[in-house]
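Peer 1: This is a predicted model, with the sequence first.
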Number of protein chains: 2
Amino acid sequence: MKNETEALKDQIKQAWDELKAQQQKVSKTQEPGSAEAQQFYAERIWPLLLELWRQEPQIYPLRETFDVSIHTLGTSPEATTLAALGLGASELYVLHTPESKSYLAQLQQDLGRSIYPIEIDKSDVTQLYQAVGEQVRKHPDKKIALDLTSGTKAMSAGMAAAGYFLQRVYPSLRVAYVDSDKYDATLRKPVAGTEKLILLPNPHEVLGDLDEHLAQEFYRAREFGKAADRYQALRRKTGQGKFEVYAALCEMYQRWYALDFEGASSNAQRLFNFLTQDAYRNHPLARHAQRLKEQKEGLEAIVALLKSQGFAEPKGVLWLTTTLLQLGEERRERQPVSAALYYYRSLELVLQHRLAVRGRSDDDPNLSPEEQAYLRQALSDWLGKPLEQIRPVQKLGLLESIALLRHLGDPALGQFAEADLRGYQGMLQSRNKSLLIHGLEVSKKGDVEKLQQFARKLYQTMREEAKLALSVEPVELM
Amino acid sequence: MKNETEALKDQIKQAWDELKAQQQKVSKTQEPGSAEAQQFYAERIWPLLLELWRQEPQIYPLRETFDVSIHTLGTSPEATTLAALGLGASELYVLHTPESKSYLAQLQQDLGRSIYPIEIDKSDVTQLYQAVGEQVRKHPDKKIALDLTSGTKAMSAGMAAAGYFLQRVYPSLRVAYVDSDKYDATLRKPVAGTEKLILLPNPHEVLGDLDEHLAQEFYRAREFGKAADRYQALRRKTGQGKFEVYAALCEMYQRWYALDFEGASSNAQRLFNFLTQDAYRNHPLARHAQRLKEQKEGLEAIVALLKSQGFAEPKGVLWLTTTLLQLGEERRERQPVSAALYYYRSLELVLQHRLAVRGRSDDDPNLSPEEQAYLRQALSDWLGKPLEQIRPVQKLGLLESIALLRHLGDPALGQFAEADLRGYQGMLQSRNKSLLIHGLEVSKKGDVEKLQQFARKLYQTMREEAKLALSVEPVELM
């Protein structure tokens, strides 16, 4: 077999040399590409080429076997024949134009098998794209090759676009075309014997741009976990370290927003280790180093707060509060029940902090008789209930905490008018009735808005007092 | 101007006819594509064509102005020249191969301007793709056209893949090529005057397949809101009603998982209205009609439950519980703090239901002295505390509810051994200490696992009793 193939290759070379020698002899007015030369090629060279490709098609990088091949067909059917032989599929679909319809017969004859023709418009890239997609979807479990050798550039472009996209859903699909090492310009043919079928790599896959696009979309959708997965996959696929840096960033935000502050903090450290390496000095994220540093310190402050289990430390409380507010913001439009939960907690956290710096706790408030009397009167006013219906205060809920802090002269709580607090009381009292706490109520958007305003006002007062710049917003990827 | 253009077109037609007439006269051995014919074309026809395209390039569908054009260059520079004239950019980049380098001079001369050459390998689709991407990214605010007329099929394929992908990020980018209405096979040239520059549509955009792919990715990531947005955009972009059906599905799940059961229920109704229309009888979602019907009824049961504000109705409680468990499952790996919250609530909901069918409530349990004594003893055992440290029970927390239900002979709670409950007590007591409730504790994965097991066991017992099949899992899109 090997020897037979080599012999064939020699014969092809000899025939080609003979053809070229003939052409040299012909008078200068006798031009190349002549009918005689074409005839010689058709009668002497093409049968040998066919035989060679039937025996051992020339394929780069490696021969693969396909079940289905789909071809564009223009006015050079020989290339399509070689492609079909090289791909070796048992089902062949040929996208031809009205102009190239006449070549179908020769193609079938050279291949010795029937093909399935599909007529398309030679300039309609969308139609071709759709026809290819249709055939591919009809053969979901088969190994399919798309050959774009023949046909107009619009046809090849449509074929390439379809193939490279469909590979995402059908990873075994391949895009191929027949190229030649040398082209004979005078004969307008590839030098016989130098043709080879090339299985093209998918540039989207090689460079990972489509995956990167998806990763960015997930990031913008604040699906940091999914974005991190994609960046890790990109790292493996492309071998490019820059994607690992992005993955570290995504993992940091993923853990942060999942309230895994220790995990997020160690990711932040990892991210910084990358960004201080020379190799990543020009990484797009290096431009956000300052903001990332602040966020890293914010995370460390939260970790310290959780370790202390006390509410007095302002930096940790501020960063945790803004995190909870941010989680609320993200859910405000589409998940008001969850959003309310985060807002309630951020509001309560500020109150717990304000109590703690005044030596109090909501769990064990240690009220003086005078404070007890003040609180009950305030509750009676806000709730519009007679004083005798207000039970002695044991623990501080949201309303009681607010009343006590006002009594203790906290300016953050002093900023609200009595009328405001009467307006807020229903919302402040209904936390426990939420579907997510103990009840069956789903928060209304209007209530969530009120809650958000109240919590944000408290937070802002506290931030101004602390003179801290906090930004939990994820940095831009670019 | 108009008349001048028409005159030029006439001249081109005359010159072409003259060329063809000459060829007819030449002896039969004198073949087409001859040096003489080529010379005639170069001297008489090409200058006219150039003049025509300088004055009024032939563009389909409409002329647009570009700042930058990027071209592939093979061995037919005329087509590239026409493309460049048609695109009218002031910055030109030409991707040439070692073989086509020699045509750069002619190209610059015909265009009367300098171009920027970039050498690539004619078969390396990835290299070309990368080179194009690089240039496009260097000109983020410019209007760019990619011309794939000249060069090998691999070059055109890479150009098309790059162009169609980059359009997502740079929507003003266009892919173009020069086609002709008629091709003269004997002269191997387009019939002069029939050339036109075609600005190709993007099949991804026309058919929306890339957007659909993204929508599906979001759906699988359970980002139903984002998936719904994409399907709505697809509906607008492609005019295809099937995408609206998908959007209704996504909106149903989005609202469902956001605990907006009324909204979800009306989306379910809308989805059903679609699926019972003749037009959508073959919609892929129609295959899941039975499951969707069950889910629709489940949603209606939850809506009824929330309206009743009572816990006794089993169907609504079961559907709500499985929803909360599902929300927990989704968060178990990556957001254990949130997951714990959903598990706690689902567990409590089952307990509230079991109490309600026995005429009790956790808020106002109405305990007999004998029950009070039983509960305190149970708590003392589980917590390992002396009885005198256990205060009289006022309201039922999780532990107290479990104790009372066991006392009342509820088989769902009777299935647990005393030792199990001692193992669960820490986890059951710590709900209020969670960062998301009143404390600063973040749930540990081990605790979340225990909680999940406990809640799921209760739910399963209840489901078996009710003999209801419930599946909150989103249906497959296909």
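Peer 2: Okay, I see it. Residues are numbered from 1 along each chain as shown, chains lettered A, B, ... in the order given.

Peer 1: residues in contact with stretch A:118-127?
Peer 2: Contact with stretch A:118-127 is made by A:74, A:93-99, A:101, A:128, A:131, A:135, A:151-152, A:154-155, A:157-158, A:161, B:179, B:198, B:200-201, B:203, B:206-207, as judged by Cβ atoms under 8 Å, 6 or more residues apart in numbering or on different chains. Where C-beta positions appear, they are placed from N, C-alpha and C, glycine not excepted.

Peer 1: does A:Ala233 belong to a helix or a strand, and which?
Peer 2: helix A:224-238 (DSSP states H and E).

Peer 1: Give me the buried positions along that helix.
Peer 2: A:224-235, A:238 (16 or more other Cβ atoms under 10 Å in any protein chain shown).

Peer 1: again with stretch A:117-136
Peer 2: A:117-118, A:120, A:122-133, A:135-136.

Peer 1: One more: stretch A:61-71?
Peer 2: The neighbour-count check on stretch A:61-71 (16+ other Cβ under 10 Å) flags A:66-71 as buried.

Peer 1: A:Glu348 and A:Leu399 touch, don't they?
Peer 2: No - using Cβ atoms under 8 Å, A:Glu348 is not in contact with A:Leu399, being 11.2 Å away.

Peer 1: Settle it for me: which of the two has more neighbours?
Peer 2: A:Glu348 (22 against 19; other Cβ atoms under 10 Å in any protein chain shown).

Peer 1: Next, that one: phi, psi?
Peer 2: Backbone dihedrals for A:Glu348, given as degrees, to the nearest 10, come out at phi -60, psi -40.

Peer 1: Apart from its chain neighbours, what residue comes closest to it?
Peer 2: A:Leu398 (6.2 Å; Cβ to Cβ, 6 or more residues apart in numbering or on different chains).

Peer 1: which secondary structure elements does the helix or strand harbouring A:Ala7 contact?
Peer 2: Per DSSP H and E: A:Ala7 is located in helix A:2-25. Judged by 3 or more Cβ pairs under 8 Å, 6 or more residues apart in numbering or on different chains; DSSP states H and E, helix A:2-25 is in contact with helix A:35-40, helix A:46-55.

Peer 1: So what's the gap between stretch A:298-308 and the chain middle?
Peer 2: Centre-to-centre, stretch A:298-308 and its host chain are 32 Å apart (Cα atoms, centre = their mean, to the nearest Å).

Peer 1: That stretch and chain B, are they touching?
Peer 2: Yes - shown here: stretch A:298-308 in contact with chain B (Cβ under 8 Å from any Cβ of the partner chain) through A:305-306.

Peer 1: Show the average pLDDT along stretch A:154-170.
Peer 2: Stretch A:154-170 carries an average pLDDT of 88.

Peer 1: Using PDB, write down the CA coordinates of that stretch.
Peer 2: These are the backbone C-alpha positions of stretch A:154-170, laid out as PDB (Å, rounded to 0.1, in the frame of the first residue of the first chain):
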ATOM      1  CA  ALA A 154     -19.800  34.600   0.700                       C
ATOM      2  CA  MET A 155     -20.500  30.900   0.700                       C
ATOM      3  CA  SER A 156     -17.200  30.100   2.400                       C
ATOM      4  CA  ALA A 157     -17.800  32.900   4.900                       C
ATOM      5  CA  GLY A 158     -21.200  31.600   5.800                       C
ATOM      6  CA  MET A 159     -19.800  28.000   6.100                       C
ATOM      7  CA  ALA A 160     -17.000  29.200   8.400                       C
ATOM      8  CA  ALA A 161     -19.300  31.300  10.600                       C
ATOM      9  CA  ALA A 162     -21.800  28.400  10.900                       C
ATOM     10  CA  GLY A 163     -19.000  25.800  11.500                       C
ATOM     11  CA  TYR A 164     -17.200  27.700  14.100                       C
ATOM     12  CA  PHE A 165     -20.300  28.600  16.000                       C
ATOM     13  CA  LEU A 166     -21.900  25.100  15.800                       C
ATOM     14  CA  GLN A 167     -18.700  23.600  17.200                       C
ATOM     15  CA  ARG A 168     -19.800  25.000  20.600                       C
ATOM     16  CA  VAL A 169     -22.800  22.800  20.600                       C
ATOM     17  CA  TYR A 170     -21.300  19.900  18.500                       C
END
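
Peer 1: in that stretch, what counts as buried?
Peer 2: A:154-168, A:170.

Peer 1: mind listing which of these are in helices?
Peer 2: A:154-166 (DSSP state H).

Peer 1: Pull the most distant pair out of those.
Peer 2: Greatest spatial distance among these (Cβ to Cβ): A:Ala154 and A:Leu166, at 18.2 Å.

Peer 1: hmm, back to that, send over the helix holding A:Ala7 as PDB, restricted to the C-alpha atoms.
Peer 2: Once non-C-alpha atoms are left out, helix A:2-25 reads as follows in PDB (Å, rounded to 0.1, in the frame of the first residue of the first chain):
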ATOM      1  CA  LYS A   2       2.700   2.400   1.000                       C
ATOM      2  CA  ASN A   3       4.700   1.600  -2.000                       C
ATOM      3  CA  GLU A   4       1.700   1.800  -4.300                       C
ATOM      4  CA  THR A   5       1.000   5.300  -2.900                       C
ATOM      5  CA  GLU A   6       4.600   6.400  -3.500                       C
ATOM      6  CA  ALA A   7       4.400   5.100  -7.000                       C
ATOM      7  CA  LEU A   8       1.300   7.000  -7.600                       C
ATOM      8  CA  LYS A   9       2.900  10.200  -6.300                       C
ATOM      9  CA  ASP A  10       5.800   9.600  -8.700                       C
ATOM     10  CA  GLN A  11       3.500   9.100 -11.600                       C
ATOM     11  CA  ILE A  12       1.600  12.400 -10.800                       C
ATOM     12  CA  LYS A  13       4.900  14.300 -10.700                       C
ATOM     13  CA  GLN A  14       6.000  12.800 -14.000                       C
ATOM     14  CA  ALA A  15       2.700  13.700 -15.700                       C
ATOM     15  CA  TRP A  16       2.800  17.200 -14.300                       C
ATOM     16  CA  ASP A  17       6.400  17.700 -15.600                       C
ATOM     17  CA  GLU A  18       5.400  16.400 -19.000                       C
ATOM     18  CA  LEU A  19       2.500  18.900 -19.100                       C
ATOM     19  CA  LYS A  20       4.800  21.800 -18.200                       C
ATOM     20  CA  ALA A  21       7.400  20.700 -20.700                       C
ATOM     21  CA  GLN A  22       4.700  20.600 -23.500                       C
ATOM     22  CA  GLN A  23       3.700  24.100 -22.600                       C
ATOM     23  CA  GLN A  24       7.300  25.300 -22.900                       C
ATOM     24  CA  LYS A  25       7.500  23.900 -26.400                       C
END
